[in-house]
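Chemist: starting from these lines, generate the structure:
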Amino acid sequence: MTLPNEPSTPSYPLTELCVLADLSPRTVRYYVQIGLVDRPEGETRAARYGAKHLEQLLLIKKWSAAGVSLERIRELLKGDDAPIPPRSRAIGSIEVRSHLLVADGVEIVIEPSRAGLSPEQVRGFVKGVMAVYAQVSGEQIELEQQKEPRGQDNG
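Modeler: Residues are numbered from 1 along each chain as shown. Here you go, the predicted structure:
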């Protein structure tokens, strides 16, 4: 027995679902046919779609607009990790890079924003690289920041 004030699960015919997802009926049917979207309840004109179908369509639409292939979208809908879209490099864009000169002939280029590193993490990375190089080469390397005299009182 269903009470009149009890919330019900939304159910849409194909035409309403297409309006909500801003997709054509042909596209929705294709996605169902290839298994990207779950089959509706019922057949032909009596078929009903719910909130889960709408969510699937909106995700497919978002990922397609980002350039993700339908095969990859299938994997994502099954629970794989979402892709990290590469940042587009537009003409005139500016990128900040750090060049770490480890030794003559050894240089590392770091793009902190693309690497997702904070300034503190970059400093830690630099110190770690320098320590590893010193260990491998047997050389004593001092960073410029470590050369500064500490504790001197000029007063």
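
Chemist: got a list of contacts for stretch 101-111?
Modeler: 95-100, 117, 122, 125, 129-130, 133, 137, 139, 141 (C-beta atoms under 8 Å, 6 or more residues apart in numbering). Every C-beta, even on glycine, is put in place using the N, C-alpha and C of the backbone.

Chemist: nearest to residue 52, of those?
Modeler: Residue 52 lies nearest to residue 117 out of the contacts of stretch 101-111, by C-beta to C-beta, at 38.2 Å.

Chemist: buried residues in the lengthiest helix in the chain?
Modeler: For the chain, the helix reaching the highest residue count under DSSP state H is reported as helix 119-137. Across helix 119-137, burial judged by 16 or more other C-beta atoms under 10 Å covers 125, 126, 129, 130, 133.

Chemist: and if you look at stretch 40-48?
Modeler: For stretch 40-48, by 16+ other C-beta under 10 Å, it's 40, 47, 48.

Chemist: re earlier: same for the longest helix of the chain, what does it pack against?
Modeler: strand 98-103, strand 106-110, helix 112-115 (3 or more C-beta pairs under 8 Å, 6 or more residues apart in numbering; DSSP states H and E).
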